[in-house]
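**Student:** Got a predicted structure plus its sequence, pasted below:
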Amino acid sequence: MKQFISFVRKEFYHVLRDRRTLLILFGMPIAQILLFGFALTNEVKDSEILVVDYAKDAASQQVITRIGASRYFKIRKAALTHKEILATFQTGKIKAVLVFPANFNEDLLRSNKAQIQIITDAIDINTANMITNYMSAIILDYQNQISENLKIPYQITAETRMLYNPQLKGAHGFVPGVMALVLMLVSVMMTAISIVKEKETGTMEILLVSPFKPVMVIFAKAFPYLILSLVNVTAILLLSVFVLDLPVKGSVPLLFAESTLFIITCLALGIFISIKTDSQQVAMLISLMGMLLPTMMFSGFLFPIENMPLALQIISNIVPSKWYYIIVKSIMIKGLGISALWKETLILLGMTLFLLGVSLKSFKIRLQ
Amino acid sequence: MAADEKVIVADKLTKRFGDFIATNEITFEVSKGEIFGFLGANGAGKTTAMRMLCGLSAPTSGNAQIAGYDIYSQTELIKKNIGYMSQKFSLYENLTILENIEFFGGIYGLTDQQIKVKTEELVNRLGLKSEAKKLVGSLPLGWKQKLSFSVAVLHEPKIVFLDEPTGGVDPVTRRQFWDLIYEAADRGITIFVTTHYMDEAEYCNRISIMVDGRLEVLDTPANLKRSFGVGTMDEVFYQLARSAKRGD
């Protein structure tokens, strides 16, 4: 035990003395949370839209007022021809154009069928989609209101409810994603690098010649990163609660328990990489290409897995961060408990045990 | 030198990697407190032999006892009783001298009290009192090597293995380094040292020279020179190494 403590203390000296390591450890999560939270948002706020109102009647005015009142849009008015509209798009300043044909009110009242044209700049698909959705919702809302007055029977309206995230806050999706990403980086990459570094400098031999058991060397190397990763989880959660205003709906202890499990998965991966490589650069490259990219692509954090081709969907199942992402999302945002997440937890546990087994086995082979 | 107590006994120790015989039936004995030089050209099999003796790699065949313990079944006990210093510098650069001593003392299972006494002793002996709280990385190479050796014998092992300990160090510092080695040998620690410097070979009590995995000669420097009919160890080594078929 004394040996273990000596080792862990030494490991902390290494980490705390290396400014670059410290920066990656603590600067990165904070930077990522703040970046994703404030800068890289895919929400549509204050988009400038151009209203071309050929109707200029009561109905069109009401719709325009409603759209202008929402915080998503800023309205500019102009009477333009179709050609001029295209030219305005090319300047890139406006995100959408809303065109009311003449006799809008008339059509609405007489034929019960009026049309509004929404033209968006679909180069940025997400923004275009979101703008159309928001606008349609506002228009639908207006339509519902006037139909109520008119009491037209047999009308089907789709009522949309955005569950768990009614304000459509972008932060909801990315906090669990950033957690998976940061833990991958800290636990896989830094552990792998720190073990390989001992090999490179020759100190690994000294450790292996010492009475400290080889397996314990590996555990003692990994242990500090478990602690540091948990510190990171805490920091990210604090930031998300106090800075991004995103509370943890489910159980915090459960969240930490699941995070610990995922961290151990990552540590096992890091150990495996470190056993298979001999230089810090290679270890870093493998960690980045082999672990970080799959986390970004296959965890569902940036790209929805449901939309991927079947082959990629299957591949996504072997990426541990996918399961962790699902778990964190469910606990933080939906407030689900272990009864709803036992399957994902078991999968993660299985992966952890498998990776630990493989690492230890290849470590023993290596020693011969 | 107590000639009767043997701390290293190797009997036909062999290590094969596939068809390649890295170490071919080497047989020798080393007495307690002896300074034993282990020489050979690059690729002669020194490192492999040393790794087996340290318990880092299992022999293919043959037997050996290190400090009285069996090389196959008692590696844990062997590790407690040996020290090791490699050609690569073996302390942590971003730890201070004190922290390095503390760490290595710790993993060798010394108590805090023992570590404290040892640290005091070591720092005074090397005259590093004012540097004790400096990072090892900031020390000159010669000091690092001396420190590294002192740390390797911190737990008073029965044998210390030195793998080209003085590589890249100037002659004056090398001389000082050997003073440390003599001191340790006087305390009864057996020194097992590999080197490429033939002046250092002269400092050893006995020398063995490996050629192509075999232990070609083993004797005192004076006897070797006499039997080869040459004046320096350099020439002895050259004559033997010339017959080698294996290069790097």
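**Tutor:** Yep, that arrived.

**Student:** for the nearest residue to A:Ile331 once chain neighbours are set aside, what are its contacts?
**Tutor:** Distance criterion C-beta to C-beta, 6 or more residues apart in numbering or on different chains; nearest residue to A:Ile331, sequence neighbours excluded, is A:Gly250 at 3.7 Å. Yep, even glycine has a C-beta here, placed from its N, CA and C like the rest. Listed by C-beta atoms under 8 Å, 6 or more residues apart in numbering or on different chains, the contact partners of A:Gly250 are A:Ser330, A:Ile331, A:Met332, A:Lys334, A:Gly335, A:Leu336, A:Gly337.

**Student:** any idea which of these has the most stuff around it?
**Tutor:** With neighbours defined as other C-beta atoms under 10 Å in any protein chain shown, the most crowded of the contacts of A:Gly250 is A:Ile331; it has 26 neighbours.

**Student:** ok, that one to chain B distance?
**Tutor:** 38 Å (C-beta to the nearest C-beta, to the nearest Å).

**Student:** Now do the contacts for that residue.
**Tutor:** A:Ile331 neighbours (C-beta under 8 Å, 6+ apart): A:Val248, A:Lys249, A:Gly250, A:Ser251, A:Leu254, A:Leu255, A:Glu258, A:Gly337, A:Leu341.

**Student:** Out of these, which is nearest to B:Met52?
**Tutor:** A:Glu258 (45.8 Å; C-beta to C-beta).

**Student:** which residues touch the residue nearest to the closest one when sequence neighbours are not counted?
**Tutor:** Nearest residue to A:Glu258 in three dimensions, chain neighbours excluded: A:Ile327, at 5.0 Å (C-beta to C-beta, 6+ apart). If you count contacts by C-beta under 8 Å, 6+ apart, A:Ile327 has them with A:Glu258, A:Phe262, A:Leu341, A:Glu344, A:Thr345, A:Leu348.

**Student:** most surrounded residue in the residues you listed?
**Tutor:** A:Phe262 (28 neighbours).

**Student:** Give me the spatial nearest neighbour of it, chain neighbours excluded.
**Tutor:** Closest to A:Phe262 by C-beta to C-beta, 6+ apart is A:Tyr324, at 4.2 Å.

**Student:** Now do the same for the helix or strand encompassing the one you found: mean pLDDT, whole number.
**Tutor:** Using DSSP states H and E, A:Tyr324 maps to helix A:320-329. Throughout helix A:320-329, pLDDT has a mean value of 91.

**Student:** how deep is A:Ala78 tucked in, by neighbour count?
**Tutor:** Neighbours of A:Ala78 (other C-beta under 10 Å): 13.

**Student:** hmm, back to that, from chain B, how far out is the residue nearest to A:Ile331?
**Tutor:** Distance from A:Gly250 to chain B, by C-beta to the nearest C-beta: 41 Å.

**Student:** Also A:Thr132?
**Tutor:** Distance from A:Thr132 to chain B, by C-beta to the nearest C-beta: 57 Å.

**Student:** need the contact list for that residue.
**Tutor:** Contact analysis of A:Thr132 by C-beta under 8 Å, 6+ apart lists A:Ala96, A:Ile118, A:Thr120.

**Student:** Now do it against A:Ile49, distance only.
**Tutor:** 11 Å (C-beta to C-beta, to the nearest Å).

**Student:** who touches both of those two?
**Tutor:** With C-beta under 8 Å, 6+ apart, A:Thr132 and A:Ile49 have common neighbours A:Ala96.

**Student:** so where's the chain shaky on pLDDT?
**Tutor:** Reading this off chain A. Applying pLDDT under 70 to chain A picks out residues A:39-44, A:148-173, A:365-368.

**Student:** that's the wrong chain, I meant chain B
**Tutor:** For chain B, the ranges with pLDDT under 70 are B:1-3, B:247-248.

**Student:** could you pull out the strands for it?
**Tutor:** Shown for chain B, the strands assigned by DSSP state E span residues B:2-17, B:20-32, B:35-40, B:61-66, B:69-70, B:82-85, B:159-163, B:190-194, B:206-211, B:214-219.

**Student:** Could you dump those strands into JSON lines with mean neighbour count and distance to chain A added?
**Tutor:** JSON lines is the format used below for the strands of chain B (neighbours: other C-beta atoms under 10 Å in any protein chain shown; distance: least, C-beta to the nearest C-beta, whole Å):
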{"stretch": "strand B:2-17", "mean neighbour count": "16", "distance to chain A": "11"}
{"stretch": "strand B:20-32", "mean neighbour count": "18", "distance to chain A": "13"}
{"stretch": "strand B:35-40", "mean neighbour count": "25", "distance to chain A": "16"}
{"stretch": "strand B:61-66", "mean neighbour count": "18", "distance to chain A": "12"}
{"stretch": "strand B:69-70", "mean neighbour count": "16", "distance to chain A": "12"}
{"stretch": "strand B:82-85", "mean neighbour count": "26", "distance to chain A": "4"}
{"stretch": "strand B:159-163", "mean neighbour count": "24", "distance to chain A": "8"}
{"stretch": "strand B:190-194", "mean neighbour count": "25", "distance to chain A": "12"}
{"stretch": "strand B:206-211", "mean neighbour count": "23", "distance to chain A": "20"}
{"stretch": "strand B:214-219", "mean neighbour count": "17", "distance to chain A": "22"}
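
**Student:** isn't A:Gln32 right next to A:Val178, touching?
**Tutor:** Yes: at 4.9 Å, A:Gln32 and A:Val178 qualify as touching, with contact defined as C-beta atoms under 8 Å.

**Student:** ok, which residues in the stretch 151-300 of chain A are in contact with chain B?
**Tutor:** A:Thr201, A:Gly202, A:Thr203, A:Glu205, A:Ile206, A:Leu207, A:Leu208, A:Val209, A:Ser210, A:Pro211, A:Phe212, A:Lys213 (C-beta under 8 Å from any C-beta of the partner chain).

**Student:** contacting residues for the fourth one?
**Tutor:** With contacts defined as C-beta under 8 Å, 6+ apart, A:Glu205 is in contact with B:Leu56, B:Tyr84, B:Ser86, B:Lys88, B:Ser90.

**Student:** what does chain B have sitting close to chain A?
**Tutor:** B:54-58, B:76, B:79-80, B:82, B:84-95, B:99, B:102-109, B:111, B:161.

**Student:** and the gap between B:Ile189 and B:Ile181?
**Tutor:** 9 Å.

**Student:** How is chain A divided into domains?
**Tutor:** The record's domain parsing of chain A by automatic domain parsing lists A:11-40+A:169-367, A:47-150.

**Student:** For chain B, what's the nearest residue on the stretch 101-250 of chain A?
**Tutor:** Distances between the stretch 101-250 of chain A and chain B by C-beta to the nearest C-beta are smallest at A:Gly202, namely 2.9 Å.

**Student:** so what's that residue up against?
**Tutor:** So A:Gly202 contacts B:Ser86, B:Gln87, B:Lys88, B:Phe89, B:Ser90 (C-beta under 8 Å, 6+ apart).

**Student:** one more time with 6 Å, if that's ok
**Tutor:** B:Ser86, B:Lys88, B:Ser90 (C-beta atoms under 6 Å, 6 or more residues apart in numbering or on different chains).

**Student:** what does B:Asn205 give?
**Tutor:** B:Asn205 neighbours (C-beta under 6 Å, 6+ apart): B:Glu34, B:Ile35.

**Student:** The one 10 residues further on now?
**Tutor:** With contacts taken as C-beta under 6 Å, 6+ apart, B:Leu215 has the following neighbours: B:Ile26, B:Ser208.
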